[in-house]
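> pasting the sequence and the predicted coordinates here, then a few questions.
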Amino acid sequence: MGKFTMPSLGADMDEGTLLEWLVTEGAEVTRGDVVAVVETAKSTIEVECFESGTVTELLVEPGTTVPVGTPLAAISPTAPGRPAVATGPGLTEPARATPLVRHQAAEEGVDLQAVLGSGRGGRITRADVSRAAHPTPARIAASPLARRLAESLGVDLAAVKGTGSRGAIKADDVRAAAGAAGAAGAAGEEPAPSTPTDRAAPSGPPARTTETRTAPSAGDRLAIARLMTRAKREIPHYYLSTVIDLAAALGWMRTENVARPVADRLVPAALLLKAVALAAREVPELNGHWRHDRFVPAAGVRLGTAVSLRGGGLVAPALADADRMPLTDLMAALKDLVTRARHGRLRASETADPTLTVTNLGDQGVEAVFGVIYPPQVAMVGLGRVIDRPVAVDGMLAVHPTVTATLSADHRASDGATGSRFLTALDRLLQHPEDL
């Protein structure tokens with residue numbers, strides 16, 4: 001019997017809140033299927049299962065906060081079908097219930113043919129029989145925020161029509177129901193002013209029963225602060241910076257974009273990220289993790305990309321194999337990742353174990369940023385805004401677009417010479433953008 005547990009979605013994650021189950025007991029799942037939505041201190045994540053089988057039991061109720069590693073569901077390998085066997089004169093019954101369970105079903109008047117078994121291979125358990133004999137009212141599918149809002153506004157969820165996935169009730173549905181009730185009961189009365197949490201759902205694909213938070217809570221900030229404090233205390237940082245001439249890269253990009261459809265046009269961030277990924281492949285001493293007092297190089301480049309969330313806070317999902325992606329694919333993946341990060345629709349596999357993280361604060365007007373390494377990574381790359389600066393070209397003075405690139409690195413895993421090789425490689429790659 002396998003266990004689906006609360007995953008660790010970052011070094012700063014000690015616990016998570018199960019917001020929603022996307023499967024039911026008895027459902028067949030395969031490795032990689034999204035089965036639950038979990039809220040962490042930074043974001044809302046769609047979590048995949050790591051084995052195939054049948055969900056035999058959901059162990060944690062939505063809205064519950066549990067430590068990392070806590071079993072959330074039991075998953076048994078899918079068993080082959082079993083032949084029917086005789087259970088009495090002239091009667092047949094699938095061989096999926098023990099004599100004790102059949103006796104219980106007979107006493108409680110339960111038809112086993114109508115019972116969905118939650119045991120291994122679909123076997124019917126005594127709990128299944130008890131539930132069939134004494135059914136409880138169906139739980140109304142609603143997000144935790146919708147339930148809290150309904151309670152505060154005095155709205156009966158049973159009377160609300162849900163517009164979320166599979167008819168689940170969202171906070172906006174509760175607000176609409178409350179507004180309709182208020183209009184019917186007090187015509188002409190002014191509606192109550194909206195609160196900071198009364199925000200329309202973001203546009204895009206139909207939302208699940210999760211609500212995107214607008215700002216990190218004090219607890220969220222405390223969790224992030226604890227991790228950064230530990231990182232600064234335990235990781236011996238060293239810092240390097242260089243100014244990179246972007247005239248060749250941006251000139252090539254403008255020419256390239258002329259021949260591209262508007263939706264496929266490149267932006268400078270795509271070139272910078274691809275160059276960082278290729279430099280990480282060239283200098284593998286900075287691409288990996290510090291585990292058990294030693295550096296473990298990564299097999300590929302999973303480039304973490306810091307994304308600012310609405311209202312504050314950061315999350316750094318990873319672009320897998322960023323060094324191998326064509327620029328067009330990397331651009332599309334970057335847009336998709338940023339959009340879903342800000343709408344709280346990241347998947348667990350996208351937050352797991354980036355090998356090197358990039359923080360780009362150029363759009364915030366910052367010229368240079370020296371980041372704090374996110375453990376267990378051993379380096380972070382910072383990129384500032386593109387600035388026109390005077391540069392010497394063939395003995396002549398010219399004004400070119402430039403960017404300040406910085407490196408924060410772990411002195412246990414590398415030294416200044418290694419860091420210098422990385423920044424030199426980054427500069428060289430950006431001088432030949434056609435090879436990115």
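Received it, and whenever you're ready, just let me know what you need. Note that the coordinates shown come from a computational prediction; the quantities given were computed from them, not determined experimentally.

> tell me the phi and psi of the nearest residue to residue 392 once chain neighbours are set aside?
Spatial nearest neighbour of residue 392, excluding adjacent residues (C-beta to C-beta, 6 or more residues apart in numbering): residue 398 at 7.8 Å. Any C-beta I mention is one placed from the backbone N, CA and C, and that applies to glycine too. Taking degrees, to the nearest 10, you get phi -140, psi 160 for the backbone angles of residue 398.

> burial count for residue 398?
When neighbours are counted by other C-beta atoms under 10 Å, residue 398 registers 12.

> over to residue 371. Which of the three states is it?
Three-state assignment for residue 371 (DSSP: H, G, I helix; E, B strand; the rest coil): coil.

> no wait, residue 174
Per three-state DSSP, residue 174 ends up helix.

> nearest residue to the middle of this structure?
Nearest to the geometric centre of the chain sits residue 346, at 2.9 Å (C-alpha atoms, centre = their mean).

> who does it bridge with?
residue 45 (DSSP bridges).

> surely residue 355 meets residue 288?
Yes - between residue 355 and residue 288 there is a contact under C-beta atoms under 8 Å: 5.8 Å.

> what do those two both touch?
298, 377 (C-beta atoms under 8 Å, 6 or more residues apart in numbering).

> what about those two, which has more around it?
In terms of neighbours (other C-beta under 10 Å), residue 355 is the more surrounded of residue 355 and residue 288; the figures are 27 against 22.

> can you give me the helices for this protein?
Ranges of helices within the chain are 99-108, 126-133, 144-153, 171-185, 218-234, 247-258, 268-282, 327-342, 348-351, 416-430, based on DSSP state H.

> give me the low-pLDDT residue ranges for the stretch 301-436 of the chain?
Where the stretch 301-436 of the chain drops to pLDDT under 70, the residues are 310-313.

> try the stretch 1-150 of the chain
Those would be 1, 11-12, 41-42, 78-96, 99-100, 118-122, 135-139, 143-145, 148, if you go by pLDDT under 70 across the stretch 1-150 of the chain.

> same thing but at 50, please
The stretch 1-150 of the chain contains residues with pLDDT under 50 at 81-95.

> follow-up on the earlier one: does the residue nearest to the centre of the chain touch residue 318 like I think?
No - shown here, residue 346 and residue 318 do not form a contact pair, counting by C-beta under 8 Å, at 9.9 Å.

> follow-up on the earlier one: who's in contact with the residue nearest to residue 392?
Applying C-beta under 8 Å, 6+ apart, one finds that residue 398 lies in contact with 390-392.

> which residue sits closest to residue 269, ignoring its sequence neighbours?
Using C-beta to C-beta, 6+ apart and skipping residues adjacent in sequence, the residue nearest residue 269 is residue 360, 6.1 Å away.

> can you check residue 246 too?
Excluding its sequence neighbours, the residue lying closest to residue 246 (C-beta to C-beta, 6+ apart) is residue 401, at 4.6 Å.
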